[in-house]
Structures are given as structure tokens and as C-alpha cells.
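Engineer: Dropping a prediction and its sequence here:
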Amino acid sequence: MTRHELKEQLQHDQFKDALSGVVVYAQSHREKVIRWAVIVGVVVILGGGAFWYAAYRNSVRQQDLGDAFAILEAPVGGPSQLGKSFPTQDAKTAASIKALQDVVQKDGGTRQGLIAQYYLGTMKAAKQDTKGAETDLQAVANSSSECAPLAKIALAQIYEGENRGSEAQALLRDIINKPTDLVSKAQAEILLAHLEETSNPQDAKKLLQSLRADTDPAVSRAVQQISSQLNK
């Protein structure tokens, strides 16, 4: 390539031509370029603001849940140096339910809201409000919350008490098929075996037999306990 040809190529370099075109466009469309620069800047700012706001809202929801748990953990009896206390267990239960309901109403569908709804459902079940408990626990069981398997177990216990054994078994089998860190397959199988002690003792024995090789001491104790009941 001659020096003249090289000079011609440099003069018509694609990058230089493109850059030159941008400069010319910016000069002739200065107002439009400024307007788009402002828009891009606003988008970046809003994006950062959205991230900050999401983190802020999460911290607020965490505080809401923490405030409700503080009531759940408050002592019953005389004044406490650690904070709030309640004169009776009934007063504490009523305040706890109200606090959890407030979190569910305010933060429903979020991680914190679903945790509150699980606790609310179990408290309603303890107060024999099975209809209210089922509504709350079903909402959590159908979610992707880490409390979903716990809600299914609580629902299974409610269904067992209402002679809805097939529904209870379906919930436990769902956990067996999709175990989690909170509820393992072995734990769900033990619960299912316990559920089938009376209705289907042969299936219960098969489940327990498959669990005898499990090395978890808690699983072994549960297997022995249920087996002794089946052999009576």
C-alpha cells in the first residue's frame, strides 16, 4: 500500500467518519441531543431511586414484622424491664393476632407478609378458628414463601381433625415430592406415616421401613415411636 493510499484510507476511516457524523448531528440538533441526555439521566436516577426505595420498603416491612414478633415474645405477668408485657395470656393473644393482621394487611404478598400470615393462621387454629386458619394457611401454602411447607403441615393437621384425610395426605405427599431446607422428605414421610396409622397402617409400615436406614437420630426416634404404636 502506497503512502497516498494509506492517507486516503485514514481520511475515510469508518470510525472517524462515524464520529464525525455524530459531531455534525449533535451540532445541528443540539436541543434534541440535550433533551435525550436529560431523559437518559432521569432514567438512570429513577433506576437508582427505585433500587433504593425497594431496599427501604423491605427494611420497613422487616421492622413491621419485628414489631409483631416483639408482641408474640412479650412476657405475661407483671411489668417487664425488657419492654412490653401483658396481664394475661388472652390479652397477649389478642394483641398478637391484631399485630399480625396489621402486617398482613399492610405487607400482604411479600416475604414478611406471608411469614406473618403463617403465624396468624397457626394462632387462629389454636383458638379453634379453623375457617380463618384455613384461609390464612392456604394463602401461604400456595405461595413461594419459605413458610409454604410449614403452612401445608399446619393445614394437614387441621384437615386430619376434620376427617379430611385425603386432603391432608395430598399436602404431605406434595412436600415429600418437593422437600425444602425447612421440611425434609424424611420429616414429611414421618408425618404421613403418623397420619396413616389408623386409616392405612400397612402403608404407614412401608413408609417407616423405608426410613429405618436414615441416620438422623430424630428420624430414628420418630420411626421407633410410630412403629411401637402400630404394633400395639
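Structural biologist: Nice, I can see it.
Engineer: Now the phi/psi pair for Asn142, please.
Structural biologist: Dihedral pair for Asn142: phi -90, psi 0, per degrees, to the nearest 10.
Engineer: which residue ranges form the strands in the chain?
Structural biologist: For the chain, no strands turn up when DSSP state E is the criterion.
Engineer: which residues touch the most centrally placed residue in it?
Structural biologist: For the chain, Ser145 is the residue whose C-alpha lies nearest the centre (Cα atoms, centre = their mean; 2.3 Å). By Cβ atoms under 8 Å, 6 or more residues apart in numbering, the contact list for Ser145 reads Arg111, Leu114, Ile115, Tyr118, Ala151. Glycine gets a C-beta too; all of them are placed from N, C-alpha and C.
Engineer: what sits against the nearest residue to the third one once chain neighbours are set aside?
Structural biologist: Right, Ile115. Once flanking residues are discounted, Ile115 sits nearest to Cys147: 5.6 Å by Cβ to Cβ, 6 or more residues apart in numbering. Contact analysis of Cys147 by Cβ under 8 Å, 6+ apart lists Leu114, Ile115, Tyr118, Val140, Leu182.
Engineer: Go through these and flag which are in helices.
Structural biologist: Residues of those located in helices (DSSP state H): Leu114, Ile115, Tyr118, Val140.
Engineer: which among those gets closest to Thr88?
Structural biologist: Nearest to Thr88, judged by Cβ to Cβ, of the ones in helices among the contacts of Cys147 is Tyr118 at 24.9 Å.
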